[in-house]
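Q: Could you work out the structure for the sequence below:
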Amino acid sequence: MNLDRCKERPSVRLGRTAIALSLGAALAMPLALLGAASAQRAGPPPTPVPPRGSPSPFPQALATPSNAVAVPTIEPPVAILADLDDGQVMFAKAPDVRRPVASLTKVMTALLVLRRRELDDVVAVPAEAVFDDDDFGASSTLGLRGGERRTVRELLDAVMLQSANDAAVALAIDVAGSERGFIELMNDRARALGMRHTRFFSPHGLDDRGRSTARDLLVLTRAAYETEGFAGVASARFRTIEAPRGEPRRVQNRNALLWLYRGAVGTKTGFTSGAGTCLVAVAERNGRRLVAIVLGDRNEPFSEAATLLDHGFEGFREETFVRAGESIGTVAIRGGTVPVETARAISALVPTAKLDRVRERITVAPTAVFPPAPGDRVGTMSIIVPGVGLGSSPLHVSEVPPPPPAGEDPWWIRVAGAVGRAFGDAVGGLAS
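A: All right, here's what the predicted structure looks like:
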């Protein structure tokens, strides 16, 4: 096929499918119609919350739209849905608005600890990590005691499942020598990850001074899942942690989606009065891992996250449009046409409602001149739907282009001759 400069056309490849504080009573909700992708499942049991063991209620059903293909309407002021592995964003609502994120802060705490400590390392709990019953944040603790010795694994379980603030402080001091030193590490890591709109002020998020965005939290979540050990901690429903004396402590994950949503594997809940209810939710189905993030929800965040995840699983289809090294015909450059092939594969998640609107766009490099050498880049192929780019690949010359026909001068000589003849005719006309 001969593809003209900057030409768009319908894709012909769509048939190939590529293989913080207790959430408390705010989480109570009425039963509602379940979406097609969110099957009815048994909800989590109430979990005792220190210091007095009052139960923290959780929703027992999810309220999600029956039509998961349609673009959802989300109540929280900030939300994002993306592919966890490649970061492709499928839905976004105010993703760059900075907000307090409560205990979602602990995802960064866990990431740093896992990068600097082994799970079997033993931590001696410092006095600074002990919360009294009347301390702010004491309703979400493991009940650690000064001098108690616990493994990194046990403390991380308490941080990620029960959102234990005392365990977060104990780990922070163990890693950096002080909370302040650990906070510096948190912000250094955020900058290194490119989280331009994020600033941390504590290892637990109680302060509400810390700020981040949904897009930055997506970056953080992807980095956390690339860190060995994180996925195993985030997916656990229950853990048992020994106590200095008396019965072992049993901690329960506050992410109700681990009970209510098929394929849920993590990650973290958060709540303060300033941040509202927040959630980073990861789910996996058929080899696809998606992450939904909601910030500032006024009620429970699980139905909103499930709505986004349903849309991602049901409303998108993974497509491979071209493979690396695939020939796509010829393109016209200055002086002739050349056969080209893609330098890399183009795969993407495509909204099922827009499959018939996918287009291929070929853009020829303005510096491409005939005859190029094999392997030269002469253009770019992009796959787009209206307003969204799904991916692109450089176009390289696949073989030596044929020389001009015998007896025919190269194009630049023919052009120069034509210009010369036209100039001579004009001069002759003036002389006569």
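
Q: which stretches of the stretch 151-300 of the chain form helices?
A: Assigned by DSSP state H, counting those that start in this stretch, the helices in the stretch 151-300 of the chain fall at 152-161, 165-176, 179-193, 214-225, 230-235, 257-260.

Q: what residues are up against the closest residue to Thr272 other than its chain neighbours?
A: Excluding the flanking residues, the one nearest Thr272 by C-beta to C-beta, 6 or more residues apart in numbering is Ala102, at 4.4 Å. Bear in mind the C-beta positions are built from the backbone N, C-alpha and C, glycine included. For Ala102, the contact set (C-beta atoms under 8 Å, 6 or more residues apart in numbering) comprises Ala20, Leu21, Gly205, Leu206, Asp208, Gly270, Phe271, Thr272, Gly274, Ala275, Cys278.

Q: ok, 10 Å please
A: 20-21, 163, 204-208, 210, 268-278, 295-296 (C-beta atoms under 10 Å, 6 or more residues apart in numbering).

Q: where are the low-confidence patches of the stretch 51-200 of the chain?
A: By pLDDT under 70, the low-scoring segments of the stretch 51-200 of the chain are 51-57, 133-138.

Q: switch the cut-off to 80
A: Across the stretch 51-200 of the chain, residues meeting the criterion (pLDDT under 80) sit at 51-57, 133-139.

Q: The closest residue to Leu112 other than its chain neighbours: neighbouring residues, count only.
A: Nearest residue to Leu112 in three dimensions, chain neighbours excluded: Leu185, at 5.7 Å (C-beta to C-beta, 6+ apart). Neighbours of Leu185 under the rule other C-beta atoms under 10 Å: 19.

Q: Quickly note the distance from Leu185 to Arg98.
A: The gap separating Leu185 from Arg98 is 21 Å, by C-beta to C-beta, to the nearest Å.

Q: Test my guess that Gly232 contacts Leu119.
A: Yes: if you go by C-beta atoms under 10 Å, Gly232 and Leu119 touch, sitting 9.1 Å apart.

Q: between those two, who's got more neighbours?
A: Counting neighbours by other C-beta under 10 Å for Gly232 and for Leu119 shows that Leu119 has the greater number, 17 against 14.

Q: Find the nearest non-adjacent residue to that one, please.
A: Leu119 sits nearest to Arg153 (C-beta to C-beta, 6+ apart), 4.1 Å away.

Q: Give me the number of neighbouring residues for that neighbour.
A: 18.

Q: contacting residues around it?
A: With contacts defined as C-beta under 10 Å, 6+ apart, the neighbours of Arg153 are Arg117, Glu118, Leu119, Asp120, Asp121, Gly229, Gly232, Val233, Arg239, Ile241.

Q: Give me the pLDDT for the last one.
A: Okay, so that is Ile241. Looking at Ile241, its pLDDT reads 95.

Q: Against Gln162, how distant is it?
A: 9 Å.

Q: Give the intersection of the neighbour lists for the two.
A: Going by C-beta under 10 Å, 6+ apart, residues that sit against Ile241 and also against Gln162 are Leu142, Arg249, Arg250, Val251.

Q: Any chance of these in CSV with neighbour count as columns?
A: Shown next, in CSV, are these (neighbours: other C-beta atoms under 10 Å):
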residue, neighbour count
Leu142, 29
Arg249, 20
Arg250, 12
Val251, 25
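
Q: right, and the pair among these with maximum separation?
A: Leu142 and Arg250 (10.9 Å; C-beta to C-beta).

Q: and for these two, which residues touch both?
A: In contact with both Leu142 and Arg250: Gln162, Ile241, using C-beta under 10 Å, 6+ apart.

Q: element containing Gly391?
A: When elements are assigned from DSSP states H and E, Gly391 belongs to strand 388-397.
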